[in-house]
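K.L.:
sharing a model prediction with you, sequence too.
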Amino acid sequence: MTSHEDAIYKILVDELWPGGLSFGTGAAKELSRVVKRLVAFQLVEIRPTLAEFATVVETQLEKNDHKGGWENTAIVWLVDKLFEEVREVDRAVNTTDDQESHEDRIARIVAESGDVAAVAMMIADSAGLGMKREERRRNGRPIEMKPPPAEPIKRRGL
């Protein structure tokens with residue numbers, strides 16, 4: 001956690017758990033996630049739907065934490081992965097299963113959409129979003145992203 005996140009975490013623990021909170025507990029992990037969302041929310045005003053969807057994306061990322069990070073993954077591979085995830089959303093939307101409840105189908109579509117967003121975020125981060133994020137924190141300004149000059153990647157249809 002950043003020092004800002006750490007300070008908020010300590011305040012919340014002191015207020016909500018005066019006896020302390022072990023970081024190894026599920027509550028500590030959940031609190032850490034909430035603190036990160038609060039800090040991100042302070043930097044930019046986020047629409048409620050986006051904030052809710054960010055929770056979906058974070059859940060999908062956490063499910064895959066065992067795979068390690070994407071920092072050393074080639075952007076071309078990530079773009080291929082993005083197309084794969086989009087195909088999974090397409091299947092979730094267009095494939096019906098009589099055994100699946102309406103709620104389960106919606107949950108599957110939302111989860112697959114979270115995977116698409118997570119991979120898109122990885123591409124943006126690999127392209128330099130993390131650097132822009134640090135610059136924004138230092139200067140207190142929103143991110144201004146300009147697309148880099150590059151040849152478009154030609155892909156087969158979805």
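P.N.:
That came through fine.
K.L.:
lowest-pLDDT helix or strand in the chain?
P.N.:
Among the helices and strands of the chain, helix 130-139 carries the lowest confidence by mean pLDDT, DSSP states H and E, at a mean of 59.
K.L.:
got the buried residues for stretch 65-80?
P.N.:
W70, L78 (16 or more other CB atoms under 10 Å). Where C-beta positions appear, they are placed from N, C-alpha and C, glycine not excepted.
K.L.:
one more: stretch 88-106?
P.N.:
For stretch 88-106, by 16+ other CB under 10 Å, it's E88, V89, A92.
K.L.:
other SSEs contacting the longest helix seen in the chain?
P.N.:
Longest helix in the chain by number of residues (criterion: DSSP state H): helix 102-124. Judged by 3 or more CB pairs under 8 Å, 6 or more residues apart in numbering; DSSP states H and E, helix 102-124 is in contact with helix 48-63, helix 75-94.
K.L.:
which of these has the lowest mean pLDDT?
P.N.:
With a mean of 89, helix 48-63 has the lowest mean pLDDT of the helices and strands packed on helix 102-124.
K.L.:
buried residues, that helix. List them.
P.N.:
With burial defined by 16+ other CB under 10 Å, the residues of helix 48-63 counted as buried are F53, A54, V56, V57, Q60, L61.
K.L.:
that one versus helix 102-124: what angle between them?
P.N.:
Taking axes from the mean of the first three to the mean of the last three CA atoms, to 10 degrees, one finds helix 48-63 and helix 102-124 inclined to each other by 80 degrees.
K.L.:
now helix 48-63 - C-alpha only, CSV.
P.N.:
Extracted as CSV, the C-alpha positions of helix 48-63 are listed here (Å, rounded to 0.1, in the frame of the first residue of the first chain):
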residue,chain,number,x,y,z
PRO,A,48,-21.3,4.9,-9.2
THR,A,49,-21.6,2.3,-12.0
LEU,A,50,-17.9,2.5,-12.7
ALA,A,51,-17.1,2.2,-9.0
GLU,A,52,-19.3,-0.9,-8.8
PHE,A,53,-17.7,-2.4,-11.9
ALA,A,54,-14.2,-1.6,-10.6
THR,A,55,-15.1,-4.0,-7.7
VAL,A,56,-16.0,-6.7,-10.3
VAL,A,57,-12.6,-6.1,-12.0
GLU,A,58,-10.7,-6.3,-8.8
THR,A,59,-12.5,-9.5,-7.9
GLN,A,60,-11.5,-11.0,-11.3
LEU,A,61,-7.9,-9.8,-10.7
GLU,A,62,-7.8,-11.4,-7.2
LYS,A,63,-9.0,-14.7,-8.6
